[in-house]
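>>> Structure, please.
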Amino acid sequence: MISDRLAIAEDAARLAGALLRDRLGTDLHARAKDISTNLVTEADTASETLIRQVIASELPEEAVLGEEQGEGAGLGGRRWIVDPLDGTTNYAHGYRCFCVSIAYEEDGVLQLGVVYDPMAGEMFRARRGKGADCNGRALQVSDCRHLRDALLVTGFPAHDVSKPLANLGPFADFMRQAQALRRDGSAALDLCYVAAGRMDGFWEPGLHAWDIAAGALIVEEAGGRTSDYRGGPLVIDGEQIVASNGRIHDDMLGILRPHA
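The predicted structure follows:
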């Protein structure tokens, strides 16, 4: 049952979050993965191992796609999508904006998502068709109706420093039209903040399924809208996402379509 899997996801996220909280500020042995701006620490791998163990102890035949250990074999079109530490660069520097993100899908359809912020003690949750909440309190996107009044958030994914940053163009365009912009360094938390009405919209290129799967469902179940830059259905491994309260979504797409 989905409710049972939600409980498993919450347990795994809390345990992993406690591990991350305990190791924050210690010698993390941070290193670059493929490029210098894409970091991984021992805490990332330890967190993912722990999450996999929790899932395997209950559902050993289900596949897990994790950022650090890839995807294992599974049966029946059931897959868990795990980011054991979203915001690794923040974490490595002691900047307390990071989280654990776990989603579950069946036959390519997201069914549940949890995002846990261990420093704030906030557990964001959603089940398809059942709404979203944070620590038991229902989430609802903002009522902002105009881009000029909107607080937007984005990110700049890991990049080759010898190449231009693809997000600079949209960032400059939004800076001219929105009330304010933020860049926090954790896509999963950014999406949850849209769901909670703390932010009005989010966009980012270059992301992976583990970055956005849980957060995207939480936005949708809080009454928001997600899409690609052209307004088409969101593909969680499509490397671009727009998420909003729905009311400013078309205005955001007007800026992002030329960059699609």
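>>> hey, let's count contacts and neighbours off CA atoms from now on
Noted.
>>> contacting residues around Ala180?
Contact analysis of Ala180 by Cα atoms under 8 Å, 6 or more residues apart in numbering lists Ala150, Leu151, Leu152.
>>> Sort out for me which of those are in helices.
If you go by DSSP state H, these have nothing in helices.
>>> Out of those residues, which end up buried?
By neighbour count, with 16 or more other Cα atoms under 10 Å, the contacts of Ala180 hold Ala150, Leu151, Leu152 as buried.
>>> Let me have these in CSV, extended by distance to Pro118.
Formatted as CSV, the buried ones among the contacts of Ala180 follow (distance: Cα to Cα, whole Å):
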residue, distance to Pro118
Ala150, 27
Leu151, 24
Leu152, 23
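>>> so which of these comes closest to Ile55?
Ile55 has its nearest neighbour among those in Leu152, at 34.6 Å by Cα to Cα.
>>> and the residue nearest to Asn135 when sequence neighbours are not counted, what does it touch?
For Asn135, ignoring the flanking residues on the chain, the nearest one in space by Cα to Cα, 6 or more residues apart in numbering is Met123 at 5.4 Å. Listed by Cα under 8 Å, 6+ apart, the contact partners of Met123 are Glu10, Val114, Val115, Tyr116, Asp117, Cys134, Asn135.
>>> Which secondary structure state is assigned to Met123?
Applying DSSP: H, G, I helix; E, B strand; the rest coil to Met123 yields a three-state assignment of strand.
>>> Dig out what it forms beta bridges with.
Assessed by DSSP bridges, Met123 has beta-bridge partners Tyr116.
>>> how far away is it from Gly66?
20 Å (Cα to Cα, to the nearest Å).
>>> can you check Arg148 too?
38 Å.
>>> the more surrounded of those two?
When Arg148 and Gly66 are compared for neighbours, Gly66 comes out ahead with 22 against 15, by other Cα atoms under 10 Å.
>>> what stretches of the stretch 51-200 of the chain score poorly on pLDDT?
Within the stretch 51-200 of the chain, the set of residues satisfying pLDDT under 70 comprises 68-76, 158-165.
>>> Let me know the closest of the contacts of Met123 to Arg79.
Looking across the contacts of Met123 and measuring by Cα to Cα, the closest to Arg79 is Val114, at 14.4 Å.
>>> mind listing what the nearest residue to that closest one once chain neighbours are set aside touches?
Distances taken as Cα to Cα, 6+ apart put Arg125 closest to Val114, at 4.5 Å, once the chain neighbours are dropped. Residues in contact with Arg125 (Cα under 8 Å, 6+ apart) are Leu112, Gly113, Val114, Val115, Ala132, Asp133, Cys134, Ile218.
>>> Report the secondary structure element holding the residue nearest the centre of the chain.
Nearest to the mean C-alpha position of the chain, by Cα atoms, centre = their mean, lies Ala188 at 2.2 Å. Ala188 is part of helix 187-195, with elements assigned from DSSP states H and E.
>>> Could you do Asp143 as well?
Short version, using DSSP H and E: Asp143 is in no helix or strand.
>>> State the distance from it to Gly94.
Distance from Asp143 to Gly94, by Cα to Cα: 34 Å.
>>> Then Gly185?
Relative to Gly94, and taking Cα to Cα, Gly185 is found at 13 Å.
>>> more crowded one of the two?
Shown here are Gly185 and Gly94; by other Cα under 10 Å, Gly185 has more neighbours (22 against 13).
>>> How about the secondary structure of the more buried one?
coil.
>>> tell me which strands and helices the longest helix that the chain contains is in contact with?
Using DSSP H, we find that the single longest helix of the chain is helix 2-23. Taking 3 or more Cα pairs under 8 Å, 6 or more residues apart in numbering; DSSP states H and E as contact, the helices and strands that helix 2-23 lies on are helix 42-58, strand 99-106, strand 109-117, strand 122-127.
>>> what's next to it, contact-wise?
Against helix 2-23 from outside (Cα under 8 Å, 6+ apart): 43, 47-48, 50-51, 54-55, 58, 84-85, 99-103, 111-119, 123, 127.
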